[in-house]
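> from the sequence below, what's the structure:
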Amino acid sequence: PGSLFPLFIDKQNHPAALVKAGSALATQIANARKDTAEPASEAQAIAGNYAKGKFRMHGLLISLENPKGSTRSGKDKDGKAWSITMAADYGYINGTVGSDEDHVDVFVGPDPETEMVCVVDQIDPATGKFDEIKVMFGYKTKDEAKAGYLANYSAGWGGLGEITPLTMQQFKWWLNNADT
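Below is the predicted model of the structure:
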């Protein structure tokens, strides 16, 4: 209490995370942000064919698609364009395959060194059925993870399903042994 630590600043001059300056993880995340390029076209974004910064977190290799403060955009199933400024770093865990047959997606919040992990069952708002998993790293409580998840979507987003809090050890077991 009472001690202050310098904050890392991301590309848009936002405080990156409340991680002690000089921590190896904070440095890796800051470097990954710098190494992540914006896709030059919608086709490139869809294909994932652009430079992504990488960092190791709790032994897992993370590819960063959208740094905190960047704009993530696309089209919904009806072709309606959407866009959101990312409140957290967003990417995926390399070497994984989720239920959507793509890598397991991950948000990295303000406390990336915490051993708490929350797994969000994202649902399709139109059908109410399970859509895919979103992993919340860097949040100390289930409530923080919920707020962190919702901060990365437009107001009124109806895709939040169940949230399961896990320790990092439980999460790694689940990642390797369960239906992701």
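> centre-most residue in the chain?
For the chain, the residue nearest the mean C-alpha position is Phe107 (1.5 Å; CA atoms, centre = their mean).
> sheet partners, orientation included, of the host helix or strand of that one?
If you go by DSSP states H and E, Phe107 is part of strand 104-108. With DSSP bridges as the test, strand 104-108 is paired with strand 89-93 (antiparallel), strand 130-137 (parallel).
> could those go into TSV alongside distance to Asn31?
The way it works is simple: take the backbone N, C-alpha and C, and place the C-beta from them, glycine included. TSV is the format used below for the strands paired with strand 104-108 (distance: least, CB to CB, whole Å):
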stretch	distance to Asn31
strand 89-93	12
strand 130-137	17
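> Gln170 is nearest to which of those strands?
strand 130-137 (12.4 Å; CB to CB).
> what residues sit buried inside stretch 110-118?
By neighbour count with 16 or more other CB atoms under 10 Å, stretch 110-118 contains the buried residues Pro110, Pro112, Thr114, Met116, Val117, Cys118.
> hmm, the first one is touching Gly138, no?
It refers to Pro110. Yes. Counting by CB atoms under 8 Å, Pro110 touches Gly138, with 6.0 Å between them.
> could you find the closest non-adjacent residue to Asp102?
Spatial nearest neighbour of Asp102, chain neighbours left out: Tyr92 (7.4 Å); criterion: CB to CB, 6 or more residues apart in numbering.
> tell me how many other residues surround the one you found.
20 (other CB atoms under 10 Å).
> try Leu61
Leu61 has 13 nearby residues by other CB under 10 Å.
> ignoring the adjacent residues along the chain, who's closest to it?
Asn94 (4.2 Å).
> ok, now Arg72?
Closest to Arg72 by CB to CB, 6+ apart is Asn66, at 4.7 Å.
> same check on Tyr139?
Nearest one to Tyr139, counting by CB to CB, 6+ apart, is Ala145 at 4.0 Å.
> got phi/psi on the one you found?
When read as degrees, to the nearest 10, the backbone of Ala145 gives phi -60, psi -40.
> over to the one 4 residues further on?
Recorded main-chain torsions at Tyr149 are phi -60, psi -50, according to degrees, to the nearest 10.
> and the pLDDT for it?
pLDDT for Tyr149: 98.
> and the nearest residue to it once chain neighbours are set aside, which of the three is it?
Distance criterion CB to CB, 6+ apart; nearest residue to Tyr149, sequence neighbours excluded, is Val120 at 5.5 Å. On the three-state scheme (DSSP: H, G, I helix; E, B strand; the rest coil), Val120 is labelled strand.
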